[in-house]
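Chemist: Here is my input; please provide its structure:
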Amino acid sequence: MKGLLDLRNVGTHDLVAPAEASIKDEHYGGPRRPPRRKPRPRTDAERAICDLGEVGEAFIKAAAAAGVTKLASQLEELAALQAAQGREALVAALARALEFHRYKASDVRSVLAAGKGLPRPARPGEALVLDLPKVPTRSLPAYASDDATAS
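Modeler: Numbering: from 1, shown residues only. Alright, predicted model coming up:
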């Protein structure tokens, strides 16, 4: 029976819309690793933000990945904010902006204007622990009344 095709089912993929691809990571030895290289600053503003450390680099990468329009001018404004507000304040503001996926200079300015009084919302599912005062308790039968007219 030479010449016949081998019609064994080797793999099954999900149906997708035309021009899309259905790729299974297990066919390639696991999921693809994300790129790990650092940003390569080309302008003075990019260098100033990258000089802030990991937060600055993460901000640039996240803003670029989010498709921020006119990123170069946004970074120039942020570099100017460093001169006006100081390095520590800008790093803290960039970290908060990253946490809430806000990548424009106006967003970072708003964080700086709010100062340290910003709330820190808890993640869903985290326990809310309160220190409540101790109060005397009674059993449920203690609340029963034999008098039908008592209200």
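
Chemist: Where do the helices of the protein begin and end?
Modeler: Under the criterion DSSP state H, helices of the chain are mapped to 44-50, 54-66, 71-85, 87-99, 105-114.

Chemist: where are the low-confidence patches of this protein?
Modeler: Applying pLDDT under 70 to the chain picks out residues 1-3, 122, 146-151.

Chemist: Spatially central, which residue of it would that be?
Modeler: By CA atoms, centre = their mean, the chain has its centre lying nearest to Glu99, at 4.9 Å.

Chemist: roughly how far apart are that residue and Leu118?
Modeler: The gap separating Glu99 from Leu118 is 11 Å, by CB to CB, to the nearest Å. All C-beta spots, glycine's among them, are computed from the backbone N, C-alpha and C.

Chemist: Arg138 now?
Modeler: For Arg138, the distance to Leu118 - CB to CB - is 43 Å.

Chemist: ditto for Asp107
Modeler: Look at Asp107 and Leu118: by CB to CB, they are 13 Å apart.

Chemist: Those two: which is more packed in?
Modeler: Between Asp107 and Leu118, counting by other CB atoms under 10 Å, Asp107 is the more crowded of the two (17 against 12).

Chemist: My guess is the more buried one contacts Ala97. True?
Modeler: Yes: taking CB atoms under 8 Å as the definition, Asp107 is a contact partner of Ala97 at 5.4 Å.

Chemist: Relative to Ala19, how far out is Val135?
Modeler: Taking CB to CB as the measure, Val135 falls 66 Å from Ala19.
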